[in-house]
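**Q** no letters, just coordinates:
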């Protein structure tokens, strides 16, 4: 039999392994499809946490500041539910962004299986890292908002110190439970989809499912911000709510923020909410999600251990070869352009990281579309007429697509790939960038506007839909040339310096520029649709601007620059030319 010392030594060793694995899994949660570089992690996480803390604090001040001079007699549940809704929306968005890092995968198994580790240690460390990660963001959301709950609300109900302390404990506990519930709700949905679809189908569909959930979550957040600015009555008239008040109970049956608000009030011993009793849904939901999550995490890890690669047998090989040869002969006669084109296409097809990075930008654009439609800028019954809202939708999608392509193309799929291009580099560097432009136009922009033409042909007449799609394609090609005018890299193969865009600093000018771009281009199109004969001169003018950009690149930019395989960081120290300062250079 093992002695007590051996048992304690083994337990101590397992605890040490647990701590190391927890730290490893915790840090990996910050390296998702948006942030994949360690030197970006601290800067962006601290910035996001600070923004969430300040915004939630301002939100609590706006909605709870009145209780500093007006006692709360139990009517503050509406403000609590509204603030809790924001917390749960943010945690749901966080879960979607971390979707690929939640469950143990094949990489975890291949790296950890040879080591003397127990499966329970790995799963416990993974679960603990998730709790710490969610707790960090929940702490940020509650850091500046909790003082308003704790110091302004209790005095109107009871002057007792014990009630004040109990109120503070209940607030912190319920808010954290609501954040955990919202995060793990999407985790459970992930596990359910993976179980229903199977690993093979889920691996192919996960990007689309994740994008769909991201679009829905961003739309809900934008709708929430709209209600915050304009009020609920701007979206749903107050008289309509009053006339259908009895139906709100059915709505609250499926509204988790109300469940936890009811739990909040019930824990304080003064449940004065209408439709009281929904707190049971919160308790049952927490218990069910905890069990399902632990089960699905173990099942996912077990599947990863048994997963093997299955070779793909291509069908209709001769037909595909014939079509590829015909396409190359028509559009990619230069072999350098052909190599870059197909490297671009196959990288997007095989790299989940780059597809998800692009899908994130597209999801932001798609989420903005229904938010724009719900804004009361279109007369009732005339939503699908020719108006600025309908004209701007394809421009929003194409702009988000181009930004996503610009971001994804900068990140290498493998740094070793650039050595193939280095060893075979030819002096005609313009062909490398021409192949990249053709790939974006043919595989991204043209399919988008073919879809736009098909949809708008149903809403409008086909000639108008064709002019609309042609205008959007022309504007998008011009925008692409401007975004990539000094992009001197081969996509997915050159080094990348994270944080160079400085989005956290310049987000406001970028946003204002996007709004100006959207307004100007949609108004120009509206004028062109009123006089369709002007479309041909407009397309010619866009073609001349694109030709001017290409001429600048071929005759000036490419002759003075080569392909930039390695991104040079900005110098930490700036040298001073003390021997020949500017005012003495002419004398030297």
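**A** Done, it's in. The structure presented is a predicted model; accordingly, all values stated were derived computationally and were not measured.

**Q** mind picking out the helix or strand in this structure with the poorest mean pLDDT?
**A** Lowest by mean pLDDT, DSSP states H and E among the helices and strands of the chain is helix 238-243, with a mean of 60.

**Q** run a quick neighbour tally on residue 208.
**A** Using other CB atoms under 10 Å, residue 208 is surrounded by 11 other residues. Using the backbone N, CA and C atoms, a C-beta is placed for each residue, glycine as well.

**Q** in what helix or strand does the nearest residue to it once chain neighbours are set aside lie?
**A** Among residues not flanking residue 208 along the chain, residue 359 sits closest, at 8.0 Å (CB to CB, 6 or more residues apart in numbering). Assigned by DSSP states H and E, residue 359 belongs to helix 352-374.

**Q** any buried residues in that helix, and which?
**A** By 16 or more other CB atoms under 10 Å, the buried positions in helix 352-374 come out as 354-372.

**Q** same deal with stretch 452-466?
**A** 452-453, 456-457, 460, 465-466.

**Q** filter the residues you listed down to the ones in helices?
**A** Among those, the ones falling in helices (DSSP state H) are 452-453, 456-457, 465-466.

**Q** reformat the residues you listed as CSV; add distance to residue 169.
**A** Output for those, formatted as CSV (distance: CB to CB, whole Å):
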residue, distance to residue 169
452, 55
453, 60
456, 57
457, 61
465, 60
466, 64
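
**Q** now those residues as JSON lines including pLDDT and distance to residue 433?
**A** Converted to JSON lines, those look like this (pLDDT from 0 to 100; distance: CB to CB, whole Å):
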{"residue": "452", "pLDDT": "90", "distance to residue 433": "26"}
{"residue": "453", "pLDDT": "90", "distance to residue 433": "28"}
{"residue": "456", "pLDDT": "89", "distance to residue 433": "32"}
{"residue": "457", "pLDDT": "88", "distance to residue 433": "34"}
{"residue": "465", "pLDDT": "89", "distance to residue 433": "32"}
{"residue": "466", "pLDDT": "89", "distance to residue 433": "30"}
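
**Q** now residue 428: which helix or strand?
**A** Per DSSP H and E: residue 428 is located in neither a helix nor a strand.

**Q** any idea which helix or strand carries the spatially closest residue to it that is not a sequence neighbour?
**A** Computed as CB to CB, 6+ apart, the closest residue to residue 428 that is not its neighbour in sequence is residue 336, at 7.0 Å. Residue 336 belongs to helix 335-350 when assigned by DSSP H and E.

**Q** what's that helix packed up against?
**A** Judged by 3 or more CB pairs under 8 Å, 6 or more residues apart in numbering; DSSP states H and E, helix 335-350 is in contact with helix 352-374, helix 430-440.

**Q** tell me which strands and helices the shortest one is in contact with?
**A** Translated: helix 430-440. Taking 3+ CB pairs under 8 Å, 6+ apart as the contact cut, helix 430-440 packs with helix 335-350, helix 388-410, helix 462-483.

**Q** how about a cut-off of 10 Å?
**A** helix 335-350, helix 388-410, helix 462-483, helix 535-552, helix 558-560 (3 or more CB pairs under 10 Å, 6 or more residues apart in numbering; DSSP states H and E).

**Q** and the longest one, by the same measure?
**A** On a contact count with 3+ CB pairs under 10 Å, 6+ apart, helix 352-374 meets helix 77-97, helix 161-230, helix 335-350, helix 388-410, helix 503-530.

**Q** same thing but at 8 Å, please
**A** helix 161-230, helix 335-350, helix 388-410.

**Q** excluding covalently adjacent residues, which one is nearest to residue 400?
**A** The spatial neighbour of residue 400 that comes closest, neighbours along the chain excluded (CB to CB, 6+ apart), is residue 365 at 2.9 Å.

**Q** ok, now residue 220?
**A** residue 89 is the one closest to residue 220 (CB to CB, 6+ apart), at 5.8 Å.

**Q** now residue 264
**A** In space, residue 264 is closest to residue 174, 4.5 Å off (CB to CB, 6+ apart).

**Q** residues making contact with stretch 138-148?
**A** Stretch 138-148 is contacted from outside by 49-50, 52-54, 56-57, 59-61, 64-65, 83, 87, 90-91, 168, 171-172, 175-176, 179-180, using CB atoms under 8 Å, 6 or more residues apart in numbering.

**Q** cutoff 6 Å now
**A** Outside stretch 138-148, the residues that touch it by CB atoms under 6 Å, 6 or more residues apart in numbering are 49, 52-53, 56-57, 60, 64, 87, 175-176, 179.

**Q** tell me which two of these sit farthest apart.
**A** 49 and 64 (21.6 Å; CB to CB).

**Q** more neighbours: the two, which one.
**A** residue 64 (21 against 16).

**Q** give the contact list for that one.
**A** Contacts of residue 64 (CB under 6 Å, 6+ apart): 79, 148, 152.

**Q** kindly reformat those residues as TSV containing neighbour count.
**A** Formatted as TSV, the contacts of residue 64 follow (neighbours: other CB atoms under 10 Å):
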residue	neighbour count
79	21
148	22
152	21
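
**Q** ok, so of these, who is nearest residue 423?
**A** residue 148 (62.9 Å).

**Q** for that closest one, give me the pLDDT.
**A** pLDDT recorded at residue 148 is 88.

**Q** ok so, going back, of the helices and strands packed on helix 430-440, which approaches residue 9 most closely?
**A** Of those, nearest to residue 9 by CB to CB is helix 335-350, at 46.5 Å.

**Q** ok so, going back, quick check: mean pLDDT across the helix holding residue 359?
**A** Here the average pLDDT along helix 352-374 is 77.

**Q** do stretch 421-433 as well
**A** Stretch 421-433 comes out at a mean pLDDT of 82.

**Q** for that stretch, measure first residue to last.
**A** This stretch, stretch 421-433, spans 13 Å end to end (CA to CA, to the nearest Å).

**Q** thinking again about what came up before, can I get the contacts of stretch 138-148 in TSV including pLDDT and distance to residue 547?
**A** Output for the contacts of stretch 138-148, formatted as TSV (pLDDT from 0 to 100; distance: CB to CB, whole Å):
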residue	pLDDT	distance to residue 547
49	85	48
52	89	47
53	90	50
56	91	51
57	90	53
60	89	56
64	86	60
87	93	52
175	93	59
176	93	59
179	92	54
